[in-house]
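1. got a predicted model here, sequence first, then my questions.
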Amino acid sequence: MKKVVDTHYAKSAEYGQVIETISQKGVCPFCPANFRYHKNPILRRSGDWFITKNSWPYKKTNHHFLIISTRHKEHLDEVKEKDFASILILSRWVVRKFKISGGALAMRFGETSHTGATVCHLHCHLIVPKLNRKTKRAQTVMFPIG
């Protein structure tokens, strides 16, 4: 059975249980036919990509979105220019919609032992950190790579 998730990198007990269930079933949770483990609705689509709020956002985030390919891809060499165009369209849309002043866009690809990802299916994280109330500066969000 091909690995579709990596339980090692789950950040919470609840998420760990969900990833373990997915691992036992051997189905990709981000492929359209299996997109039932995610708790939040799809907000918008562009080309072969869509954006949704992360069901298990990282600590210290004000917003945490996932931009997910509707086609199962795992490696950067599978991504075409039109894919990046769709990612950009969705990123710009969510920034306007949620009046985001700043954040980060990140994508891990390839073998999870090198990336720290829980899901092998390509996806981007659009992360907006919470601000420290005293300093008015971003709190550090831990986005693991490796």
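-> On my side now, so go ahead.
2. contacts and neighbour counts: CA atoms only from here.
-> Will do.
3. gap between the two ends of stretch 53-71?
-> End-to-end distance of stretch 53-71 (CA to CA, to the nearest Å): 19 Å.
4. what does that stretch rub up against?
-> Contacts with stretch 53-71, where a contact means CA atoms under 8 Å, 6 or more residues apart in numbering, come from 15, 30-32, 38-43, 48-52, 87, 90, 121-130, 139-143.
5. again, only this time at 6 Å
-> Applying CA atoms under 6 Å, 6 or more residues apart in numbering, the contact partners of stretch 53-71 are 39, 48-52, 123-130, 141.
6. low-confidence stretches in the chain?
-> 1 (pLDDT under 70).
7. so where do the helices sit in it?
-> Ranges of helices in the chain, per DSSP state H, are 13-25, 81-97, 112-115.
8. redo those helices as a markdown table? Include mean neighbour count.
-> A markdown table is the format used below for the helices of the chain (neighbours: other CA atoms under 10 Å):
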| stretch | mean neighbour count |
| --- | --- |
| helix 13-25 | 15 |
| helix 81-97 | 15 |
| helix 112-115 | 15 |
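9. which residue lies nearest the spatial centre of this protein?
-> The centre of the chain sits closest to residue 66, judged by CA atoms, centre = their mean, with a distance of 3.7 Å.
10. quick check: the closest residue in space to it that isn't next to it in sequence vs residue 145, distance?
-> Among residues not flanking residue 66 along the chain, residue 125 sits closest, at 4.8 Å (CA to CA, 6 or more residues apart in numbering). Distance, residue 125 to residue 145, using CA to CA: 12 Å.
11. repeat for residue 59
-> To residue 145, residue 59 is 16 Å away according to CA to CA.
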